[in-house]
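J.: Here is a sequence together with a model predicted from it:
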Amino acid sequence: MLPLLFLGVLSVLVAYLGVQLFFGGVGLNHQVARAVLSLGMPRSGEFTEGTGHIDPVRSLIYLLTDLDLANPVSMVENSVSRAVRRERAERVWPERPFVFVQELTFAPDPVKPVPSGVSRQEVEARPSPRVLIYHSHNSEMYLGRPAQGRYDRDAHYVFKSQADSTITGIMEVGRHLANALERLGIPTIHETRIHDLPTLDYAYANSERTVKNLLSQHQSIEVVLDIHRDANVPDPVVEIAGRRVARLLVVVGTAESIPLSHPDYHSNSSFAERLYETANSMYPGLMRPIQIRRDARYNQHLHPSSLLIEVGSVENTLEEALLAAELLAHILAQML
């Protein structure tokens, strides 16, 4: 009975995948293919851009539908519209004062007449974004995490669902970086959609969909940053202007040792080197040496100036990471 049930479930999933491939917007990336294949055969020594135990049925269904079989709340969420879901997940961000970023002041523009048939809002439309910030691992926390909620052993917050409005440490850092860039005159998008739900294993496949969508909507984007926090860093702090600041690490994925296409990784690597050199000239000691990973690409194939940046480590406090984000904003402002 169980083998027949298993074959039935597998047949339904394969049929659904076929429909999505030919009539929907889901591409056959390696994560989807692996999830399907793993239902019928064991895996050994296989590459991955994630860690931890994989439940292939649960992960495949979530990857295709955003529905988590282990979380009944997600099933309810998927029965309501995306607009309602976004409203439920809206976050109340704490006010974070700046230390290294001074507010820019501009002479007021003269009041211009509004053309007939055009609203004042359209005239004063927000400038096109130049930087996109997102998090493949939204769950990452820093030292001194709050007591509320569940955490795994690696200081990752366990999200309940996509509607969970919890603000994690790494999300606060991303928000602070975006605010600092905005204050320095660089329009920025900070995307907070949760990507490491239900597990870390398919986080990069989930965030790839998000980044593709945002890049198609905002072709003005010049820089794409996946902001993370590291772990087990021997020297996680540097003193700058008398303050303890978390150190930064740029990671470039070349995908040279895995069957993923990333032929233009040299563009990402060149941008990483420019960032590293600029940081060293402005804030010596802030940046750790660039890390090159041949076993991953971290969605960097989507944009030539896309990088993964580790802002501090689990050994850093949130305050140290926020200061590092401000300095990173200054570095990017110097480059753009």
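T.: Everything's here; your move.
J.: give the contact list for Leu215.
T.: If you count contacts by Cβ atoms under 8 Å, 6 or more residues apart in numbering, Leu215 has them with 132, 221, 224, 302-303. Glycine gets a C-beta too; all of them are placed from N, C-alpha and C.
J.: So Val173, which state does it fall into?
T.: The three-state assignment at Val173 reads helix, by DSSP: H, G, I helix; E, B strand; the rest coil.
J.: Disregarding flanking residues, what is the spatial nearest neighbour of His218?
T.: If the residues on either side of it in the chain are set aside, His218 comes closest to Pro129, at 5.2 Å by Cβ to Cβ, 6 or more residues apart in numbering.
J.: is it true that His330 touches Ala279?
T.: No - the criterion here is Cβ atoms under 8 Å, and His330 misses it with Ala279 at 9.3 Å.
J.: Between the two, which has more neighbouring residues?
T.: Ala279 (22 against 18; other Cβ atoms under 10 Å).
J.: So the more buried one sits against Ile331, correct?
T.: Yes - Ala279 lies in contact with Ile331 (Cβ under 8 Å); the separation is 5.0 Å.
J.: count of neighbours near Ala178?
T.: Other residues within reach of Ala178, judged by other Cβ under 10 Å, total 24.
J.: What helices and strands are in contact with the strand or helix carrying it?
T.: Element membership for Ala178 (DSSP states H and E) is helix 169-183. Counting contacts by 3 or more Cβ pairs under 8 Å, 6 or more residues apart in numbering; DSSP states H and E, helix 169-183 is packed against strand 131-134, strand 188-190, strand 223-230, strand 306-313, helix 318-335.
J.: buried stuff in the last one?
T.: Of the residues in helix 318-335, 318-333 count as buried by neighbour count, 16 or more other Cβ atoms under 10 Å.
J.: who does it touch, helix- and strand-wise?
T.: Judged by 3+ Cβ pairs under 8 Å, 6+ apart, helix 318-335 is in contact with helix 169-183, strand 237-240, strand 243-246, strand 248-253, helix 265-282, strand 306-313.
J.: Low-confidence regions, the chain specifically.
T.: Low-confidence segments of the chain (pLDDT under 70): 1-89, 92-93, 97, 101-125, 145-153.
J.: returning to what we had before: quick one: the helix holding Ala178 to strand 223-230, angle?
T.: 140 degrees (axes from the mean of the first three to the mean of the last three Cα atoms, to 10 degrees).
J.: now the contacts of Leu215 in TSV, with distance to Arg243 and neighbour count?
T.: Output for those, formatted as TSV (distance: Cβ to Cβ, whole Å; neighbours: other Cβ atoms under 10 Å):
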residue	distance to Arg243	neighbour count
Leu132	28	23
Ile221	31	21
Val224	29	23
Leu302	35	16
His303	32	20
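J.: Need the residues you listed in TSV (columns: distance to Tyr283).
T.: Listed next are those as TSV, based on distance: Cβ to Cβ, whole Å:
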residue	distance to Tyr283
Leu132	23
Ile221	25
Val224	22
Leu302	28
His303	25
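J.: From these, pick the one nearest Ala231.
T.: Among the contacts of Leu215, Val224 lies closest to Ala231 (Cβ to Cβ), at 23.2 Å.
J.: what sits against the closest one?
T.: 131-132, 134, 211, 215, 299, 302-303, 305-307.
J.: Please apply the same query to His135.
T.: By Cβ under 8 Å, 6+ apart, His135 lies in contact with 170-171, 174, 191-192, 195, 207, 226-228.
J.: Thanks a lot, see you next time.
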